[in-house]
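Chemist: Could you work out the structure for the sequence below:
(2 chains)
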Amino acid sequence: MRYLLIPLLCLLPVFCYADEAKDMAADPVLERRMIGLAEKLRCLVCQNESLASSHSELAEDLRREVREQMQKGMNDQEIIDYLVARYGDFVLYDPPVKKTTLVLWYGPFALLLIGAGVLVYQLRKRKGQIAETELSPAEAQRAAEMLGESQEMPGQPPTKRPAKRPNKPKDLQT
Amino acid sequence: MILAAFLFVGLGLNPREVPSPLVGKPAPAFMLPQLYEPAKQFSPQDMQGKVWLFNVWASWCGGCEQEHPLFMELARRNVVPILGMAYKDQPENSKMWLHRGGNPYALVVTDIEGRVGIDYGVYGVPETYVIDKQGIIRHKHIGAVTMQDLDKKILPMVKELQAK
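Modeler: Here you go, the predicted structure:
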């Protein structure tokens, strides 16, 4: 009996799988639409969670509100407008382009341009500083000695690398 | 360097303080039962012609306990009427809380389901609104009001609005 109990207990978690916050509506289609919309909205209490996944009381209330408005026949945009009028653009994960959000939207590109500008400037500056100098035969000789192990002489092609490893046997290939 | 500048500004901001789109707009209308006389209703219209503070609180809220003594003092000085809204709170608990700490409110309404709270964009109690004579929201304070908030911002604003 005891041995039967263990596999039975192992099956127990099947009955308590995790889910979106409960709050079930009678109408599963509407519930899916509500969750779909709520995923685009931010919960204000736990600001890194969406309205769909948050378990805070406010999120539950807001989901109820959204559900009721959908039942009244309001479309998604109307519901978003309703929430923005109360909580501001902050509820949107995808904030609109406005005067106050310009930096948010275009700041990264501006930074990228500044970065590219600085890079080009620095590279140009360096180009002017580096003067090409030829090695005299004596210097080349010395450099070769210092490099020691690689017995290449200047001007000679580098020694070939060892041949590639042979392909794996066929049965190991996926 | 630029990153440091961003961090410097960013870390100085309070992410909890979400700018309210309601400032400058009429206080949303509602009809709610009063805490002590549930048969009687209150609407913001009743305060037309007066500058008032609208404080959203709850007996389960820690920040409310912090700011409570300040409101008690404000009520004693009779500077500006404070109206309270018990947000998602059971009336018995609200009454008990006021009985223990004193009642600074000219009137308390009960928003048990939190629906009016949503209209006011409440997302964390306490929140306090300054509403002018025309019923326009002039300021929203999120979180417990401190002495500094009162002296630097709220009271000067109230005085200015009352003079209008």
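Chemist: tally of neighbours for A:Gln69?
Modeler: 18 (other CB atoms under 10 Å in any protein chain shown). C-beta here means a position set from N, CA and C on the backbone, and glycine is covered the same way.
Chemist: May I ask you to name the longest helix in chain B?
Modeler: Ranked by residue count and defined by DSSP state H, the top helix of chain B is helix B:62-77.
Chemist: Pull out the buried residues from stretch A:124-135.
Modeler: Neighbour counts over stretch A:124-135 (16 or more other CB atoms under 10 Å in any protein chain shown) mark no residue as buried.
Chemist: go on, stretch A:74-83?
Modeler: A:79-80, A:82-83.
Chemist: still on that earlier bit, how about the longest helix of chain B as PDB, C-alpha atoms only?
Modeler: Extracted in PDB, the C-alpha atoms of helix B:62-77 (Å, rounded to 0.1, in the frame of the first residue of the first chain):
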ATOM      1  CA  GLY B  62       0.700  51.700   7.100                       C
ATOM      2  CA  GLY B  63       1.500  55.000   5.500                       C
ATOM      3  CA  CYS B  64      -1.900  56.300   6.700                       C
ATOM      4  CA  GLU B  65      -0.800  55.900  10.200                       C
ATOM      5  CA  GLN B  66       2.300  57.900   9.600                       C
ATOM      6  CA  GLU B  67       0.400  60.900   8.100                       C
ATOM      7  CA  HIS B  68      -2.500  60.700  10.500                       C
ATOM      8  CA  PRO B  69      -1.100  62.900  13.300                       C
ATOM      9  CA  LEU B  70      -0.400  65.700  10.700                       C
ATOM     10  CA  PHE B  71      -4.000  65.600   9.600                       C
ATOM     11  CA  MET B  72      -5.200  65.700  13.200                       C
ATOM     12  CA  GLU B  73      -3.100  68.800  13.700                       C
ATOM     13  CA  LEU B  74      -4.300  70.400  10.500                       C
ATOM     14  CA  ALA B  75      -7.900  69.700  11.500                       C
ATOM     15  CA  ARG B  76      -7.300  71.300  14.900                       C
ATOM     16  CA  ARG B  77      -6.000  74.400  13.300                       C
END
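Chemist: Which elements pack onto that helix?
Modeler: Contacts defined by 3 or more CB pairs under 8 Å, 6 or more residues apart in numbering or on different chains; DSSP states H and E place helix B:62-77 against strand B:82-87, helix B:91-101.
Chemist: Kindly reformat the ones you listed as TSV and extend each row with mean neighbour count.
Modeler: Listed next are the helices and strands packed on helix B:62-77 as TSV, based on neighbours: other CB atoms under 10 Å in any protein chain shown:
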stretch	mean neighbour count
strand B:82-87	25
helix B:91-101	15
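Chemist: okay, those in JSON lines with mean pLDDT and distance to A:Arg64 next?
Modeler: Output for those, formatted as JSON lines (pLDDT from 0 to 100; distance: least, CB to CB, whole Å):
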{"stretch": "strand B:82-87", "mean pLDDT": "96", "distance to A:Arg64": "15"}
{"stretch": "helix B:91-101", "mean pLDDT": "95", "distance to A:Arg64": "21"}
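Chemist: out of those, nearest to B:Tyr129?
Modeler: For B:Tyr129, the closest of the helices and strands packed on helix B:62-77 is strand B:82-87, at 9.5 Å, according to CB to CB.
Chemist: any idea what sits nearest A:Glu65, other than its immediate chain neighbours?
Modeler: Among residues not flanking A:Glu65 along the chain, B:Ile118 sits closest, at 5.9 Å (CB to CB, 6 or more residues apart in numbering or on different chains).
Chemist: domain parsing for chain A?
Modeler: A:18-91, A:96-126 (automatic domain parsing).
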